[in-house]
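>>> Okay, sequence plus prediction incoming.
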Amino acid sequence: MFYAGEHYNGGPYVNGLRMTRQLNLLGHCILPMVLSYNGDDSAHRYFTSIGIDSVSFNIPARREDVMRWILEELQRFNPDVFIPNICLSGLYASRWVQKAGIVTVAVQRSIDRRNSLIAEIFGFGKFWKTTGFVCVSKYLLDITSKFESYSKNVSVIPSGVVLHNKCANQTKNNIKICYAGRLEKGEKRVDLISSAFFRLARNKKLSFTFIGEGREKQNLVNSVQSRKLDKRITFTRFLIDKEYYSKLMEHNIIVLFSDFEGMPGAIMDGMSCGLIPVCRHYDGLEELVLHKETGFVFRTNEEFEQIINQLVSDQKLRIKISYNARRHIEKYYSLTVCAKKWELFLKELLKTNMEKKDIIIPKRFRGKYHPELIGFEIPHETTFNKYLKKAIRIIKRIFT
């Protein structure tokens, strides 16, 4: 399962498309289940184009309605494994899926509060616990080490990336730098990226691209135009597959300023194309970006600009790091490698699972939703609950 639509076009969405296709190519019968925000049909169109049937449900909606739809679709499909991924309604519905002897797997993709709660409640809890649990990096697994007793049902499987025969040309004199991902403040820090691009734009050998969509896009466009840099700093829409990789290969360097990530898919994509990653330090980054080996890590703006200037002036260094980056991805993070890890992990989980039975859809879904997870998938749920609780308090005062 995965989300699609506005605000959901990041790494989990892209990986949902890729991994579904890869597992299908390996001979597995896959049913992609998409929670489409406001009727977005991009995922359905993609799967149709490659000959894979998919099902989708339009959110926002009541959580119980989404859960009932999930169970109804699973009744028809009769799977051996259900991977709700990070989809909350799917994770909650997993309790009833497991009762039918079907393996369920939750995924932790970052260290933000929502993903940490997914680990705590669905990966290692009691009432809502899934059969297995996947972290996209070893660092994420390490920070959940207090749950060691469950480690046999846990695996580290990164989001895999596609490898190509062609790579970025690192022999050019004019250097192109890109950022690929959600155009958001906060976690992604695109405001800091734009400021860094503005400072570096003094060097006429440099040009820059923002690849993606997000709430800050128009503000970024306005800032670029006001500085008359629109010929040097350009923007593209959200891209996937060949169009995305083709655009990446036009560049030499890919940057990331995030405060935290699980395993940054855009950086892996860039490295697979021979781009050099230059990333702001966060805990866990060293699994992917080894400083001065597979890329560069910085902590201050000054360090960032020094690294960029060094790469601009040293062609041999660019070629060396580009080669190392791609080899690192090929060995540990390719889509083929990661799909095989999924296969092995699921086979182990299936060995210990119960005999399959029919899925029973309850009339009422009994169980307490964690208050901090209310309102993420179902935006109106928080407001509804607030007024419901207020109404209950008023009724109690009337009758007491």
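Okay, I see it.

>>> Between the two ends of stretch 291-311, how far is it?
13 Å (Cα to Cα, to the nearest Å).

>>> Now do the buried residues in that stretch.
294, 295, 296, 297, 298, 304, 307, 308, 311 (16 or more other Cβ atoms under 10 Å). C-beta here means a position set from N, CA and C on the backbone, and glycine is covered the same way.

>>> Next: stretch 97-115.
97-98, 100, 102-112, 114-115.

>>> And these, which two are furthest apart?
100 and 111 (32.5 Å; Cβ to Cβ).

>>> which residues in the stretch 251-400 of the chain form strands?
253-256, 276-280, 296-298 (DSSP state E, counting those that start in this stretch).

>>> That should have said the stretch 1-150 of the chain, apologies.
Going by DSSP E, counting those that start in this stretch, the stretch 1-150 of the chain shows strands at 2-4, 33-37, 55-59, 81-85, 103-108, 132-135.

>>> what's in contact with the shortest one?
For strand 2-4, the surrounding residues in contact (Cβ atoms under 8 Å, 6 or more residues apart in numbering) are 8, 12-13, 15-16, 32, 34-37, 40, 42-43, 56, 59, 85-87, 377.

>>> So in that sheet, which strands flank that strand, and in what orientation?
strand 33-37 (parallel) (DSSP bridges).

>>> if we can go back for a sec, which one of the strands of the stretch 251-400 of the chain has the most crowded surroundings?
Counting by mean count of other Cβ atoms under 10 Å, strand 253-256 has the highest mean neighbour count of the strands of the stretch 251-400 of the chain, with a mean of 27.

>>> Alpha carbons only: can I get that one in CSV?
Below are the C-alpha coordinates for strand 253-256, written out as CSV (Å, rounded to 0.1, in the frame of the first residue of the first chain):
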residue,chain,number,x,y,z
ILE,A,253,26.1,17.2,-8.2
ILE,A,254,22.9,16.5,-6.1
VAL,A,255,22.4,18.2,-2.8
LEU,A,256,20.4,17.5,0.4
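
>>> which helices and strands sit right next to it?
strand 175-180, helix 265-272, strand 276-280, helix 301-313 (3 or more Cβ pairs under 8 Å, 6 or more residues apart in numbering; DSSP states H and E).

>>> The longest one relative to strand 276-280, how many degrees between them?
Per axes from the mean of the first three to the mean of the last three Cα atoms, to 10 degrees, the angle that helix 301-313 makes with strand 276-280 is 170 degrees.

>>> what does the first one give?
Between the axes of strand 175-180 and strand 276-280, defined by the same axes, to 10 degrees, the angle is 60 degrees.

>>> helices or strands up against strand 175-180?
helix 190-200, strand 206-211, helix 241-248, strand 253-256, helix 265-272, helix 301-313.
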